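In: Pasting the sequence and the predicted coordinates here, then a few questions.
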Amino acid sequence: MSRNDMDNDNIKSVKVIRKPNNNYYISVLVESESQALPKTEKAVGLDLGLTDVTN
């Protein structure tokens, strides 16, 4: 995504978090309209090896 792709998007919220070790994290929530992609016969599979999705 480039700056030009965001012309019609709306920033809904921004969070800046500072952890005790002084690392900073930024979370940006953007609302945008999705565009339909052309259909293709190609496929991708990902195996992350996860056994649990909770911490």
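Out: Nice, thanks for sending it over.

In: Show me what residue 27 is bridged to.
Out: Residue 27 has these beta-bridge partners by DSSP bridges: residue 15.

In: Report the contact partners of it.
Out: Contacts for residue 27 (C-beta atoms under 8 Å, 6 or more residues apart in numbering) come out as 13, 14, 15, 17. To be clear about C-beta, it is placed using only N, CA and C from the backbone, and glycine gets the same treatment.

In: Closest to residue 39 out of those residues?
Out: Comparing those against residue 39 with C-beta to C-beta picks out residue 13 as the nearest, at 33.9 Å.

In: wait, doesn't the closest one sit right on residue 29?
Out: Yes. Counting by C-beta atoms under 8 Å, residue 29 is a contact partner of residue 13 at 4.6 Å.

In: quick one on the thing from earlier: save the contacts of residue 27 as TSV, and put in pLDDT and distance to residue 41 too.
Out: Formatted as TSV, these follow (pLDDT from 0 to 100; distance: C-beta to C-beta, whole Å):
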residue	pLDDT	distance to residue 41
13	96	39
14	97	40
15	97	40
17	96	42
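
In: could you dump those residues to JSON lines with distance to residue 53?
Out: Shown next, in JSON lines, are those (distance: C-beta to C-beta, whole Å):
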{"residue": "13", "distance to residue 53": "24"}
{"residue": "14", "distance to residue 53": "27"}
{"residue": "15", "distance to residue 53": "22"}
{"residue": "17", "distance to residue 53": "22"}
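
In: Need these in TSV (columns: neighbour count).
Out: As requested, those are exported to TSV (neighbours: other C-beta atoms under 10 Å):
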residue	neighbour count
13	9
14	10
15	9
17	9
